[in-house]
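Engineer: Starting from these lines, generate the structure:
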Amino acid sequence: MGKEIDLKSGEISRHVKKAVKAISEGYIIAIPLEHSYAFACDAFKHDAVRAMHVLRGDTLFTAAQVGVGSAKTAQGVVREITPEIAALMKKFWPGMLSMNLRPQTGLSWDLGDSNQLDRVSIRVPRSKFAKALLEVTGPLAIASGGRVGRPGPKALSDIFVLDSDLAFQFNYGNLRKGPSSTVIEADETGVRVLRVGAISLEEIQKIVPSAIAL
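Structural biologist: Okay, here's the model as predicted:
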């Protein structure tokens with residue numbers, strides 16, 4: 001696979017600089033998130049996003065998640081942030097809350113769904129390296145480094161791709177086990193919890209009492 005870089009050695013700013021260069025040139029990299037390694041690439045480079053889906057074996061019309069460095073950045077890619085959505089962002093970002101929101105119209109991206117879903121899954125990860133990277137790059141397309149149907153890889157050795165498929169692998173060792181992110185869908189009609197993970201329905205309802213589970 002691509003060159004391995006030890007995140008526990010050296011300055012994080014230098015590691016981020018290498019990642020930014022690779023992403024700007026249209027390459028895919030592997031990065032650590034909270035509990036698994038993920039692929040990441042420029043959300044606006046169609047060929048890179050398509051190649052990432054191929055690496056995973058995704059079916060057609062599978063959309064990648066979008067990682068952002070802050071709620072402010074999210075405002076540039078989603079078109080509707082209600083007071084309830086803003087409150088959830090403030091409470092749970094960075095962290096394990098994925099929000100399915102309506103994207104801005106006219107964005108020149110295709111996350112894998114040919115822009116048919118009118119929803120984008122967006123999150124600010126807590127992982128130190130991922131967050132530092134996203135604060136520089138802006139929105140990145142992100143997907144689990146595991147093949148479809150397999151658990152998220154806890155170590156880089158669990159990612160099975162060719163040497164030429166990735167520009168860099170950023171190694172933070174074996175990642176600790178933990179729950180998946182909680183997934184919500186939100187718009188002007190309310191907040192709906194689609195999957196309960198690290199954040200419970202009760203925690204969501206403390207911020208948005210009208211939130212329901214589907």
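
Engineer: from memory residue 76 sits against residue 104, does it?
Structural biologist: Yes - taking C-beta atoms under 8 Å as the definition, residue 76 is a contact partner of residue 104 at 7.2 Å. Yep, even glycine has a C-beta here, placed from its N, CA and C like the rest.

Engineer: Apart from its chain neighbours, what residue comes closest to residue 27?
Structural biologist: residue 167 (3.6 Å; C-beta to C-beta, 6 or more residues apart in numbering).

Engineer: Touching, the one you found and residue 26? I think so.
Structural biologist: No - Residue 167 is beyond contact range of residue 26, at 9.2 Å (criterion: C-beta under 8 Å).

Engineer: low pLDDT regions in this protein?
Structural biologist: 1-2 (pLDDT under 70).

Engineer: Sketch out the strands for the protein, chain order is fine.
Structural biologist: 3-6, 29-32, 37-42, 65-67, 97-101, 120-123, 140-144, 168-171, 182-187, 190-195, 212-213 (DSSP state E).

Engineer: would you list those in TSV and tack on distance to residue 110 and mean neighbour count?
Structural biologist: Output for the strands of the chain, formatted as TSV (distance: least, C-beta to C-beta, whole Å; neighbours: other C-beta atoms under 10 Å):
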stretch	distance to residue 110	mean neighbour count
strand 3-6	28	13
strand 29-32	20	24
strand 37-42	12	26
strand 65-67	12	25
strand 97-101	17	23
strand 120-123	11	24
strand 140-144	10	25
strand 168-171	24	21
strand 182-187	21	21
strand 190-195	23	16
strand 212-213	31	12
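
Engineer: among those, which is nearest residue 91?
Structural biologist: Closest of these to residue 91 is strand 97-101, at 8.3 Å (criterion: C-beta to C-beta).

Engineer: by contact count, what packs against the closest one?
Structural biologist: Where contact means 3 or more C-beta pairs under 8 Å, 6 or more residues apart in numbering; DSSP states H and E, strand 97-101 is packed against helix 83-92, strand 120-123, strand 182-187.
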